[in-house]
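In: Need the 3D shape of this:
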Amino acid sequence: MNERLVLLKQRMRAGEHKRLRQEQSIELLTECEAEGLSWPRRVARLVRRQCEAEQVVIAPEEKIVFTRTLPSVPPVYTVDEWSCLSAGRTLHELGPVSNICADWGLLLSQGLLGRREVAAVTRLRMADDQKAVEFLDCAIDTIDAVLDLTGRYASKSSQLGREDLA
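Out: Residues are numbered from 1 along each chain as shown. Take a look at the predicted model:
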């Protein structure tokens, strides 16, 4: 292991990343309730707001970037709504948010822009299916939110003279 990796490992184990966390999580439940958002729209809104609220952090020795600065993932359902939605199901120990096993080969071969294009084309083809259109609109918004966040990282990387990251 080279010196850079040893330093990154030491910083991670010392929890230095935790000092970069914001004091409060974002609040979405009131907004979701007021607008009567469906499950897909609540999740898309959650991803959008989380991406917008993340602060860009780039350490000098990093070559792969993204440091989570939000302290937690906020709820998008009331306790009663969540009880109804999760009744009879087994959840991951972290509850509604857990690891997602994406089709990395597909994502890496097409990229986010390629996946966005697939969603847009599928949306046109499925225009008569309201649930499919809603899901695809949410997928597109989620992809756009991630692309906006990566754009902020690219911009900050350029400002720091880190064209290797940008």
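
In: Find the centremost residue of this protein, please.
Out: By CA atoms, centre = their mean, the chain has its centre lying nearest to Val47, at 4.9 Å.

In: The closest residue in space to that one that isn't next to it in sequence: how many residues sit nearby?
Out: Leaving out its chain neighbours, the residue that sits closest to Val47 by CB to CB, 6 or more residues apart in numbering is Thr142, at 4.7 Å. C-betas here are computed from N, CA, C, even on glycine. By the criterion of other CB atoms under 10 Å, Thr142 has 21 neighbours.

In: and Glu81, how far is that from Ala59?
Out: 39 Å (CB to CB, to the nearest Å).

In: what's the answer for Leu160, then?
Out: Leu160 is 10 Å from Ala59, by CB to CB.

In: same thing with Pro40?
Out: Pro40 sits 35 Å away from Ala59, going by CB to CB.

In: Please say which of these two ends up with more neighbours.
Out: Pro40 (17 against 14).

In: contacting residues for Leu113?
Out: Counting by CB atoms under 8 Å, 6 or more residues apart in numbering, Leu113 makes contact with Leu147.

In: any idea which element it lies in?
Out: helix 104-125 (DSSP states H and E).

In: Ok, Leu8 next?
Out: With DSSP H and E as criterion, Leu8 is part of helix 3-13.

In: Val76 now?
Out: Short version: Val76 belongs to no helix or strand, going by DSSP H and E.

In: mind checking how far the nearest residue to it once chain neighbours are set aside is from Glu31?
Out: Leaving aside its sequence neighbours, Val76 sits nearest to Arg42 (CB to CB, 6+ apart; 4.1 Å). Applying CB to CB, the value for Arg42 to Glu31 is 9 Å.

In: pretty sure the residue nearest to the centre of the chain belongs to a helix, no?
Out: Yes: counting by DSSP: H, G, I helix; E, B strand; the rest coil, Val47 is part of a helix.

In: Does it touch Ile143 like I think?
Out: No: using CB atoms under 8 Å, Val47 makes no contact with Ile143, being 9.3 Å away.

In: Quick one: low-confidence residue ranges for this structure.
Out: 92-101 (pLDDT under 70).

In: quick one, longest helix in it?
Out: If you go by DSSP state H, the chain has its longest helix at helix 130-159.

In: what packs against that helix?
Out: Judged by 3 or more CB pairs under 8 Å, 6 or more residues apart in numbering; DSSP states H and E, helix 130-159 is in contact with helix 39-53, helix 104-125.

In: Buried residues, it. List them.
Out: For helix 130-159, burial by neighbour count (16 or more other CB atoms under 10 Å) applies to 134-145, 149, 153-154, 156-157.
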